[in-house]
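Novice: dropping the sequence and predicted coords here.
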Amino acid sequence: MGYACGGSAVLPAGDLSAWFGKGFSAEISAGRQHNTSWYIEGVADYSLFRNQHPVTDNDGNIHQNISLSLWYAGFMVQGKYILAQRPLFRPYVSIVAGPHYWRGIRGSVSENEALAIPDIAEKVLNEWNMGFRTGTGTEVLLTENLVLDTGIAYRLVVGALWPVMQEHIELEAVNGFQTAAFYLRLKMYF
């Protein structure tokens, strides 16, 4: 049986990168070796992104910043296929899937007569959807029971953030939350 906790630096990809810069993710997991090649575990994780989007005039002067945030939490099953059993390390590929609850908030925009921007109310979207992740990594054996697990992963959470196509704002829609993560986890085997 193995237990792990760790964190990730998360980089938005696709449409999500127009709304956010890097975020972070934290996770815990528990699992066990299924056979010589597969390690199966349950994973719970949480990811958060925050940003400010400028409202600018024709000269590029900022009149206001719109606050943006997105977080999601997932409960997933992960299968890790061990590529090689070495004395000090175990490279693997993984596939993960499970339900995610997400919440996206686009802040309000104040009316600006000079820029012909109407008052735009805050928009909060939240929903349960599926999330999928795949990646590759290596477990480095620090002791007989303690492992450092590091790697990279791509994730897609089904969801959509609404656009604001008003001139001087131009926040396009996001369909699917795509991210790339660089992760580091500590795992204890018992």
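Specialist: Sure, I can see it. Numbering: from 1, shown residues only.
Novice: with just CA atoms, put the helix or strand where residue 49 lies into CSV.
Specialist: Here residue 49, judged by DSSP states H and E, is contained in strand 38-56. The C-alpha trace of strand 38-56 is given here as CSV (Å, rounded to 0.1, in the frame of the first residue of the first chain):
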residue,chain,number,x,y,z
TRP,A,38,0.3,-1.6,-12.9
TYR,A,39,-0.1,0.6,-9.8
ILE,A,40,-3.7,1.8,-9.2
GLU,A,41,-4.5,4.7,-6.9
GLY,A,42,-7.3,7.0,-5.9
VAL,A,43,-6.4,10.7,-6.2
ALA,A,44,-8.0,13.8,-4.7
ASP,A,45,-6.6,17.1,-6.0
TYR,A,46,-7.3,20.9,-6.0
SER,A,47,-6.1,23.5,-8.6
LEU,A,48,-6.3,27.3,-8.4
PHE,A,49,-5.8,30.1,-11.0
ARG,A,50,-6.1,33.8,-10.4
ASN,A,51,-5.5,36.8,-12.7
GLN,A,52,-6.4,40.4,-13.5
HIS,A,53,-7.6,41.3,-17.1
PRO,A,54,-7.1,44.9,-18.1
VAL,A,55,-9.8,47.2,-19.6
THR,A,56,-7.8,49.5,-21.9
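Novice: which other helices and strands contact that strand?
Specialist: strand 2-13, strand 23-33, strand 62-82, strand 89-106 (3 or more CB pairs under 8 Å, 6 or more residues apart in numbering; DSSP states H and E). Every C-beta, even on glycine, is put in place using the N, C-alpha and C of the backbone.
Novice: any residues touching the second one, and which ones?
Specialist: If I follow you right, that is strand 23-33. Contacts of strand 23-33 from elsewhere in the structure, counted by CB atoms under 8 Å, 6 or more residues apart in numbering, are 1-10, 12, 39-50, 70, 78, 179, 181, 183, 185.
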